[in-house]
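In: predicted model and sequence below, questions to follow.
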Amino acid sequence: MAQAILAQTRLGRDRRLDGQRPPCGSASAAQRVPRRGMALLREKHDHYLRHLDDDKESLDYMMSEHLRMGGVYWGVSALALLRRHEEDAGRREEIVDWILRCRDPGNSGGFGPNAGHDPDITATHYALLVLSVYNVLDLLDAEGVARFIASLQRPEGCFSGDRWGEVDVRFTYCALSALTILDALDRVDVDACMRWLLRCQNYDGAFGPVPRAESHAAYTFCAVQALALVDALDAVDLDRLGWWLCERQTPSGGFNGRPEKAPDVCYSWWILSALATIDRAHWIDGEKLAEFIIAAQDEEGGGIADRPGDVPDVFHTFFGLAGLSLLRQADLALIHPVYAMPMDVVR
């Protein structure tokens with residue numbers, strides 16, 4: 001499955017990302033244009049990522065307890081893109097042990113966002129991705145994980161995030177990605193899932209979180225990649241979708257998530273990866289996007305912020321590096337546009 005998806009994406013064909021494209025849309029005024037000439041601060045980012053949890057008594061650390069599995073995925077994956085994730089064997093063992101402690105003690109098969117938390121589909125997906133990067137998926141109860149994910153599919157085809165029932169395309173993407181990693185797509189109703197995803201598409205070509213909701217770039221990423229995972233992109237008008245995505249590029253070079261919103265580094269991933277999957281990444285100005293990401297770096301302490309001049313965080317650091325990887329910048333490891341893992345892990 002992973003090889004088939006790879007063959008369908010732009011990264012399987014090595015086209016330029018800055019070629020002929022339709023005109024990008026306008027954006028709100030007073031957006032800062034990043035300065036040119038900066039390089040990727042590899043060593044500072046490495047240091048920043050390795051010291052994220054030094055102060056476990058801080059308010060920020062305690063208030064992000066419910067996001068810990070996501071933070072570990074973003075941090076480990078960012079180090080993997082920098083080709084630094086294998087340098088500390090002790091840290092790797094500590095992370096793997098912690099992930100396994102996040103398994104549901106009630107034997108549902110799922111993982112929670114932290115030890116002692118209830119299992120959910122997003123944390124379970126993150127756990128699978130990190131264990132894949134570390135090549136230790138054999139430590140999983142794969143059957144139990146697949147059973148947990150399948151139990152969250154609803155009759156209309158979509159997936160709940162947890163047993164309490166919240167629904168949107170994020171959870172459906174997480175479910176399909178995890179099940180393909182486990183080679184267990186046959187555990188769910190793929191046709192019903194595809195039909196529900198297509199109901200989330202709007203007249204503008206993009207997707208909302210649920211049917212009849214406003215189009216948004218992050219939800220569009222989830223829908224596009226979920227459809228790619230079940231080989232259903234031929235049901236989508238890819239030119240209309242690609243046009244909406246490329247119109248998210250603002251004069252600063254960065255992308256916004258919806259019309260008339262400020263640009264944000266995280267959309268460098270959500271949008272560019274979706275464009276890569278539908279073979280239209282060459283429609284945007286890759287050079288200006290790279291400049292925007294680079295300008296959002298913290299030159300003193302490392303890390304990447306949501307936009308130039310703001311405070312960095314691990315979320316934007318990973319997605320900034322992921323965007324640069326898709327742009328083939330700064331000698332980063334190549335990332336798979338569907339799975340958001342290094343290409344050598346997917347292969």
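Out: Good, I have the coordinates. Here the structure is a predicted model, which is why all the values come from computation and not from measurement.
In: from now on I want contacts and neighbour counts done on CA atoms only, so please keep to that.
Out: Noted.
In: list the contacts of the helix or strand hosting Ala228.
Out: Element membership for Ala228 (DSSP states H and E) is helix 217-229. With contact meaning CA atoms under 8 Å, 6 or more residues apart in numbering, helix 217-229 is reached by 1, 5, 169-170, 172-173, 176-177, 180, 194, 197, 206-209, 233, 245, 256-258, 267, 270-271, 273-274, 277, 338.
In: try 7 Å this time
Out: By CA atoms under 7 Å, 6 or more residues apart in numbering, the residues outside helix 217-229 that reach it are 5, 169-170, 173, 176-177, 194, 197, 206-209, 233, 257-258, 270-271, 274, 338.
In: next one: stretch 152-169
Out: Applying CA under 7 Å, 6+ apart, the contact partners of stretch 152-169 are 119-122, 171-172, 189, 192-193, 196, 209-210, 219, 222-223.
In: between these, which sits nearest Gly71?
Out: Distance from Gly71 was checked for each of these by CA to CA. The minimum falls on Thr122, at 12.1 Å.
In: and for the closest one, the neighbour number?
Out: When neighbours are counted by other CA atoms under 10 Å, Thr122 registers 24.
In: repeat that for Arg147.
Out: The number of residues packed near Arg147 is 18, by other CA under 10 Å.
In: quick check: it vs Gln153, distance?
Out: Here Arg147 is placed at a distance of 11 Å from Gln153 (CA to CA, to the nearest Å).
In: kindly report the same for Ala89.
Out: 37 Å.
In: coming back round to it: any buried residues in the helix or strand just after the helix holding Ala228, and which?
Out: For helix 217-229, the succeeding helix or strand toward the C-terminus, using DSSP H and E, is helix 238-246. For helix 238-246, the buried set under the neighbour-count rule, 16 or more other CA atoms under 10 Å, comprises 238, 241-246.
In: residue contacts, Val133?
Out: For Val133, the contacting residues are Val345, taking CA under 7 Å, 6+ apart as the criterion.
In: before we move on, what about Leu233?
Out: By CA under 7 Å, 6+ apart, Leu233 lies in contact with Leu227.
In: where does the stretch 151-300 of the chain dip in pLDDT?
Out: Applying pLDDT under 70 to the stretch 151-300 of the chain flags no residue at all.
In: show me where it has helices.
Out: If DSSP state H, counting those that start in this stretch is used as the criterion, the helices of the stretch 151-300 of the chain fall at 169-181, 190-199, 217-229, 238-246, 267-277, 286-295.
In: ranking those by burial, who's on top?
Out: With neighbours defined by mean count of other CA atoms under 10 Å, none of the helices of the stretch 151-300 of the chain is more surrounded on average than helix 267-277, at a mean of 27.
In: can you pull the contacts of His85?
Out: 76, 79.
In: sorry, back to before: of Ala89 and Gln153, who's got more company?
Out: Under the neighbour definition other CA under 10 Å, Ala89 and Gln153 were set side by side, and Gln153 has more, 23 against 10.
In: could I have the CA atoms of the helix or strand encompassing Val130 written out in CSV?
Out: Under DSSP H and E, the secondary-structure element containing Val130 is helix 121-133. Output for helix 121-133, consisting of C-alpha atoms alone and laid out as CSV, is shown next (Å, rounded to 0.1, in the frame of the first residue of the first chain):
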residue,chain,number,x,y,z
ILE,A,121,-7.6,7.6,17.8
THR,A,122,-5.2,10.6,17.4
ALA,A,123,-2.8,9.5,20.2
THR,A,124,-3.0,5.9,18.8
HIS,A,125,-1.9,7.2,15.4
TYR,A,126,0.9,9.2,16.8
ALA,A,127,2.1,6.3,18.8
LEU,A,128,2.2,4.1,15.7
LEU,A,129,4.1,6.8,13.8
VAL,A,130,6.8,7.1,16.4
LEU,A,131,7.2,3.4,16.8
SER,A,132,7.5,3.2,13.0
VAL,A,133,10.3,5.8,13.0
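In: ok, and what's touching whichever helix or strand comes after it?
Out: Scanning the chain past helix 121-133 towards its C-terminal end, the next helix or strand to appear is helix 142-150 (assignment: DSSP H and E). With contacts defined as CA under 7 Å, 6+ apart, helix 142-150 is touched by 108-110, 121, 175, 179, 182, 184, 187-188.
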